[in-house]
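1. this one's structure only:
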């Protein structure tokens, strides 16, 4: 089974995985802000997701969210909720919706949208303070979103 | 009777416990409970009731000093330990220095920096002649170019911040009191609108961090209310005096936004609004921050 999945992944890559990706503007949310379909069709890599979540230059989720699960990483923020148990509290579809654009689940939330490219006021080019390029990329790629979701799903209550 | 006695004993016990708790809890909360007295004599209000215009938003306003570590707090308590005072001293010297084609120094029109103690608490302020809200730096540039025949200085440049530090230093302990009504009102409204606008790809407003989340950690930073009563501020991070507009610029940049420039009309409006959120706190600059 695992071998088949690996073959499929290899096949997907060789035929151009980018084509299978859902673009930020095409993401389908349900009425509660969840996203049922994977953005890439490629299963997320939880280990990579942990790295994205705890690295400043990547997702930097740790800036606002604390968790015992990554206690080895210093300086956890307190702005958002704790992430321990997130995988028990939420489904993968709900977590995907929260990472892509949490405002679809919680109107007015402070949390930024990590897979969104328009609808901003004075968008910039990353942290340069300069205007954004015409083709502003999302903060995380589609696969990075899937990786973060995969990691969050491992943060279950005992 | 017996019950009454038990109750009073319990009350006594409870108060003892409270005293003990507060004594032992003190070190952990020293940052937020400490009081600021500079040079053992200038009492600084670092926490007070919020001005009326903040009804429904904040009930209490706090200086950024309260959110800093014991060590950083201590540096501001004595002018010899406050590196920002070197800037203030340079500002006093600049004040007496002849600049420009007219052979004048600031002293030709003003009776020393101390005579301008009412400036820092009341700026930004409406300027009748120029028919716009003026910051201290805009006023200094008018003096330089119109009275002294000197070149205008760049916004938040070293010379400007030294002047600001000198002006702030003579106003320490006086309450911030910028006017938000009358001709300044529309600029104030513009600043308020900006304060609540979510900028950039991170879609964050000033309020998201400094009104909704002050007191919380964002990574290694302790979020303050973003008050400006301590500007100009000596930051340990870059080891120099920093202006409020430069700080605004950095904050908006950090929302992954196209930011505004120091001295821009937008930041003049934002400075007025943010200053008004601190009406009642003492002028504290040059302050020391992370």
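-> Sure, I can see it. Everything numeric here is computed off the predicted structure, so don't read it as measured data.

2. Quick one: name whatever helix or strand follows the helix or strand of chain B with the lowest mean pLDDT.
-> Ranked by mean pLDDT, DSSP states H and E, the weakest helix or strand in chain B is helix B:2-33, scoring a mean of 42. Sequence-wise, the next helix or strand downstream of helix B:2-33 (DSSP states H and E) is strand B:36-38.

3. Any buried residues in that following strand, and which?
-> Applying a neighbour-count criterion of 16 or more other C-beta atoms under 10 Å in any protein chain shown, one finds B:36, B:38 buried in strand B:36-38. (C-beta placed from N, C-alpha, C; glycine too.)

4. Look up how far chain B lies from the closest residue to residue A:142 other than its chain neighbours.
-> Nearest residue to residue A:142, sequence neighbours excluded (C-beta to C-beta, 6 or more residues apart in numbering or on different chains): residue A:39, at 3.9 Å. Distance, residue A:39 to chain B, using C-beta to the nearest C-beta, to the nearest Å: 18 Å.

5. Tell me the confidence at residue 82?
-> In the absence of a named chain, this looks at chain A. Looking at residue A:82, its pLDDT is 97.

6. nope, chain B
-> 98.

7. Verify the stated contact: it with residue B:233.
-> No. Between residue B:82 and residue B:233 there is no contact under C-beta atoms under 8 Å: 10.5 Å.

8. can you list residues touching both of these two?
-> Counting by C-beta atoms under 8 Å, 6 or more residues apart in numbering or on different chains, the shared contacts of residue B:82 and residue B:233 are B:286, B:288.

9. who has more neighbours, the two?
-> Neighbours around residue B:82 and residue B:233, counted as other C-beta atoms under 10 Å in any protein chain shown, are more numerous at residue B:233. The numbers are 27 against 22.

10. what's near enough to touch that one?
-> B:64, B:84, B:241, B:242, B:247, B:285, B:286, B:287, B:288, B:289.

11. Out of the residues you listed, who's the most crowded?
-> Among the contacts of residue B:233, the one with the most neighbours (other C-beta under 10 Å) is residue B:287, at 32 neighbours.

12. Contact partners for residue A:140?
-> If you count contacts by C-beta under 8 Å, 6+ apart, residue A:140 has them with A:52, A:58, A:59, A:99, A:114, A:115, A:148.

13. Can you give me the buried ones in the helix or strand harbouring residue B:141?
-> Residue B:141 is located in helix B:136-142, with elements delineated by DSSP H and E. Within helix B:136-142, the residues that count as buried by 16+ other C-beta under 10 Å are B:136, B:137, B:138, B:139, B:140, B:141.

14. Flag every residue of chain A that's near chain B.
-> Within chain A, the positions lying close to chain B (C-beta under 8 Å from any C-beta of the partner chain) are A:56, A:60, A:62-64, A:74-79, A:110, A:112-113, A:116, A:120-132, A:136, A:139.

15. For chain A, state which of the buried residues of helix B:136-142 is nearest.
-> The closest of the buried residues of helix B:136-142 to chain A turns out to be residue B:137 (C-beta to the nearest C-beta; 20.2 Å).

16. Skipping its backbone neighbours, what lies nearest residue B:261 in space?
-> The shortest distance from residue B:261 to any residue other than its chain neighbours is 6.8 Å, reached at residue B:249 (C-beta to C-beta, 6+ apart).

17. what element comes up after the helix or strand where the one you found lies heading to the C-terminus?
-> Applying DSSP H and E as the criterion places residue B:249 in helix B:244-253. Counting by DSSP H and E, the next helix or strand C-terminal to helix B:244-253 is helix B:265-277.

18. Tell me which other helices or strands that following helix touches.
-> With contacts defined as 3 or more C-beta pairs under 8 Å, 6 or more residues apart in numbering or on different chains; DSSP states H and E, the packing partners of helix B:265-277 are strand B:132-134, helix B:185-195, helix B:244-253.

19. export the ones you listed to TSV and tack on mean pLDDT?
-> Listed next are the helices and strands packed on helix B:265-277 as TSV, based on pLDDT from 0 to 100:
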stretch	mean pLDDT
strand B:132-134	98
helix B:185-195	98
helix B:244-253	98
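
20. mind putting the ones you listed in JSON lines, distance to residue B:225 included?
-> Output for the helices and strands packed on helix B:265-277, formatted as JSON lines (distance: least, C-beta to C-beta, whole Å):
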{"stretch": "strand B:132-134", "distance to residue B:225": "22"}
{"stretch": "helix B:185-195", "distance to residue B:225": "12"}
{"stretch": "helix B:244-253", "distance to residue B:225": "13"}
